[in-house]
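K.L.:
need a 3D model of the following:
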Amino acid sequence: QVQLVESGGGWVQPGGSLRLSCVASGFTFSAVAMNWYRQGPGEARELVATIPTTGKNAEYATDVNGRFTITRNDARKTVYLQMNSLKVEDTAVYYCGVTLAYGKFWGQGTQVTVSS
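P.N.:
Numbering: from 1, shown residues only. Next up, the predicted model:
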């Protein structure tokens, strides 16, 4: 079955950095685009970043563009999200997600808290 396991969340002060990881299994990782989503308190889940199978020309939400970087390692079946210059408004649960022919899947999420 499809499994996505995120890690790397935590507490950080504004301006700090975190690197999230997501290990995937149960599907052909190298054949699909991978995504990071987030859901803040009382908010809907939103797409943060997408990386295609080529690993190039990733796409980002407007408010994270230039601060976040999504990368992938197909050999390790892992997708990463490097988050720099973090802001209080980046506080959310971050989810790794994938869309397959038979449905959309997310991991359990990892909490990121940005505060002073």
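
K.L.:
so Arg67 touches Leu81, yeah?
P.N.:
No - with contact defined as CB atoms under 8 Å, Arg67 does not count as touching Leu81 (10.7 Å). All C-beta spots, glycine's among them, are computed from the backbone N, C-alpha and C.

K.L.:
from Lys104, how far off is Asn71?
P.N.:
Asn isn't right for residue 71; it's Thr. Look at Thr71 and Lys104: by CB to CB, to the nearest Å, they are 22 Å apart.

K.L.:
burial measure for the nearest residue to Gly26 once chain neighbours are set aside, as a count.
P.N.:
With CB to CB, 6 or more residues apart in numbering as the criterion, Gly26 has its nearest non-adjacent residue at 4.1 Å, and that residue is Val2. Val2 has 15 neighbours, counted by other CB atoms under 10 Å.

K.L.:
my guess is Val2 contacts Phe105. True?
P.N.:
Yes - at 4.6 Å, Val2 counts as touching Phe105 under the criterion of CB under 8 Å.

K.L.:
in contact with Leu4, which residues?
P.N.:
For Leu4, the contacting residues are 22-24, 95-98, 105-107, by CB atoms under 8 Å, 6 or more residues apart in numbering.

K.L.:
host element of the residue nearest the centre of the chain?
P.N.:
By CA atoms, centre = their mean, the chain has its centre lying nearest to Trp36, at 2.8 Å. Secondary structure assignment for Trp36, by DSSP states H and E: strand 34-39.

K.L.:
so what are the sheet partners of the helix or strand that that strand is followed by and their directions?
P.N.:
Where DSSP H and E defines the elements, the next helix or strand beyond strand 34-39 is strand 46-51. Strand 46-51 sits in its sheet next to strand 34-39 (antiparallel), strand 59-60 (antiparallel), going by DSSP bridges.
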